[in-house]
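Colleague: This is a predicted model, with the sequence first.
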Amino acid sequence: MKTSCVIKFRNGDLRLLRERLLEDLSHEYFAILLGKRRNIGGKTIITIHDIKIPGNRDYNGQSVASLNIKKGFVHQALGELTNRSDVDTMIDVHTHPFSRKHVGFSGVDDGDEKRFFRFLKEKFDNIHYASIVFSQGEYSAILWSLKKRQILPEKAVIKTQISSEQILSSDRLTKRGQKCVS
Ligand SMILES: [Zn+2]
């Protein structure tokens, strides 16, 4: 896959995140990451600075194939994002614990994320948005961008500092990987 959108985790963070979200495979879990975006040599790189893991009370509901997070949790993260100067990107993360390997965003995921991205673009300047979905062993990641008023989901790759933390992208075999236009 040819891509130039990268989501970079600091040492141990991807392992920690996956351990927390995939500990219980009977329900989907959710997290919000705060990151900083940079453009370097034609590449868009988002470095993760902070991981927000909701508690049980932050969910309206959870099942093996769905979840519903309370708005308050998202708004709190968004408030922090807009008040901090070291971060400018919200990355939402959820699990598909029923999938062992291959994982992809569902139609519902895409719809929800597009709606949220539109909301972000209407309300805030310069806040970027990405999403990650984990199966038990792989991931798929998207960076959302707006070009000529059209929402473009662009495939992204995750990079870790230590190779033993790295997991496979389920998009690694897709040929339509494209360059970041954002
Ligand atoms: Zn999903």
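Modeller: Thanks, I have the structure now. The structure presented is a predicted model; accordingly, all values stated were derived computationally and were not measured.
Colleague: Hmm, Lys6 is touching Gly42, no?
Modeller: For the record, residue 6 is Val, not Lys. No. Contact criterion Cβ atoms under 8 Å: Val6 and Gly42 do not qualify, at 11.4 Å. All C-beta spots, glycine's among them, are computed from the backbone N, C-alpha and C.
Colleague: quick one: which of the two has more around it?
Modeller: Neighbour count, other Cβ atoms under 10 Å: between Val6 and Gly42, Val6 has more, with 19 against 8.
Colleague: which SS class is His102?
Modeller: coil (DSSP: H, G, I helix; E, B strand; the rest coil).
Colleague: That one: how many residues sit nearby?
Modeller: Residues near His102, counting by other Cβ under 10 Å: 14.
Colleague: from what I can see it touches Gln136, true?
Modeller: No. His102 lies out of contact with Gln136 (Cβ under 8 Å); the separation is 10.5 Å.
Colleague: count of neighbours near His96?
Modeller: For His96, using other Cβ under 10 Å, the count is 21.
Colleague: An error on my part: the question was meant for Ile132.
Modeller: Neighbours of Ile132 (other Cβ under 10 Å): 22.
Colleague: How about Asp50?
Modeller: Neighbour count for Asp50, taken as other Cβ under 10 Å: 17.
Colleague: nearest spatial neighbour of Leu146, skipping sequence neighbours?
Modeller: Lys121 (6.0 Å; Cβ to Cβ, 6 or more residues apart in numbering).
Colleague: Then Gly42?
Modeller: In space, Gly42 is closest to Ser4, 6.0 Å off (Cβ to Cβ, 6+ apart).
Colleague: Same check on Leu168?
Modeller: Per Cβ to Cβ, 6+ apart, closest to Leu168 is Glu138, 4.8 Å.
Colleague: can you check Asp24 too?
Modeller: In this structure, Asp24 finds its nearest non-sequential neighbour in Pro97, 7.7 Å apart by Cβ to Cβ, 6+ apart.
Colleague: Helix, strand or coil: sort out that neighbour for me.
Modeller: Following three-state DSSP, we place Pro97 in the coil state.
Colleague: does it really touch Val64, like I thought?
Modeller: Yes. Between Pro97 and Val64 there is a contact under Cβ under 8 Å: 6.6 Å.
Colleague: okay, and the common contacts of the two?
Modeller: Common neighbours of Pro97 and Val64 are listed as 26-28 (criterion: Cβ atoms under 8 Å, 6 or more residues apart in numbering).
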